[in-house]
Each structure stands twice: as structure tokens, then as C-alpha cells.
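**Student:** Okay, predicted coordinates and the sequence, questions at the end:
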Amino acid sequence: MPLRIDNLSSVHTLQKVIESTDYNRVRLALRRIRNPLRVTLDNMRCLDVILEDKFWLCIDTCMNDRPILAWTSFQISQRSALDESVTCELRLYHVHSGLVMGEVMENIGHELQQRLDAL
């Protein structure tokens, strides 16, 4: 059964911009490794990220995979080149999730780059 985040109610929703290198790295990993892809963030206790085409969901594994934040609604149709950033919607499911969103994105990039380099 596919994971659905549309039924989850968020505390807050923001418009964010994802740098092209971060977005492209995730897309490449989804194509070359697996789709969907679950990534454990080794530098962040109890946090995993589930990456799919339509969303990236950060979850707390110590709290029964409780959603923390999710990037969704990627605006790729307006993108004319791979070096352009991508606008998306960032859904916050925890009152303090904004404190970790930058570090989560950094760790996703680091973990995925290690996996891609190992191929």
C-alpha cells in the first residue's frame, strides 16, 4: 500500500525553495537506487526520510514513524534547466520541526551522495 501524506494534518505550511543540487541528487538516487527510498540520517538520532517522486517525508522512528516534516508539491513544470532551483511546499507536522529542516536537508544530501558514490 503506497504511503499517503494528504490525509496528515500539518501544524504549518510554508513555501520553500530547494537548491538544484539537492533536488537533482534526490531525483538521481530515486532513479539509480530505489523508488521509494528510505534513508536513515545517521547524524540525527531517530530521524529517517522516505523519498518518493511526489514527496519527501521526514519521520521520527523513536515515535512510531511520526511525521516531522514533508517537502511536497514540487513545481518542476516551470523549471527550464537542471541548474534552476525548485519551489515546493514544506509541511511542518511538529511545532519544533522548523528547527531541524535545514539540517535534515543537509544530511539527506550527504547520505545520498555516499550511496551514489558507492554505485
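**Tutor:** Arrived safely, thanks for sending.
**Student:** What residues of the one helix or strand Val17 maps to count as buried?
**Tutor:** Taking DSSP states H and E as the definition, one finds Val17 inside strand 12-18. For strand 12-18, burial by neighbour count (16 or more other CB atoms under 10 Å) applies to Ile18. Every residue, glycine included, has its C-beta placed from N, CA and C.
**Student:** same check, this time on stretch 84-99
**Tutor:** Val86, Cys88, Glu89, Leu90, Arg91, Leu92, Tyr93, His94, Ser97.
**Student:** is it true that the first one touches Arg79?
**Tutor:** Right, Val86. Yes. The pair Val86 / Arg79 is scored as a contact, 6.2 Å apart, by CB atoms under 8 Å.
**Student:** At which residues are the helices of this protein located?
**Tutor:** Using DSSP state H, the helices found in the chain span residues 20-32, 101-118.
**Student:** looking at the ones you listed, which is closest to Thr13?
**Tutor:** helix 101-118 (12.6 Å; CB to CB).
**Student:** Show the secondary-structure elements that the closest one is packed against.
**Tutor:** Other helices and strands packing on helix 101-118, by 3 or more CB pairs under 8 Å, 6 or more residues apart in numbering; DSSP states H and E, are helix 20-32, strand 37-40, strand 47-51, strand 66-75.
**Student:** Return the set of buried residues in that helix.
**Tutor:** Going by neighbour count (16+ other CB under 10 Å), the buried part of helix 101-118 is Met101, Val104, Met105, Asn107, Ile108, Gly109, Glu111, Leu112.
**Student:** Helix 101-118 and the strand holding Val17, what's the angle between them?
**Tutor:** Using axes from the mean of the first three to the mean of the last three CA atoms, to 10 degrees, the direction of strand 12-18 lies 40 degrees away from that of helix 101-118.
**Student:** Give me the helices and strands touching strand 12-18, please.
**Tutor:** Looks like strand 12-18 contacts strand 66-75, strand 86-92 (3+ CB pairs under 8 Å, 6+ apart).
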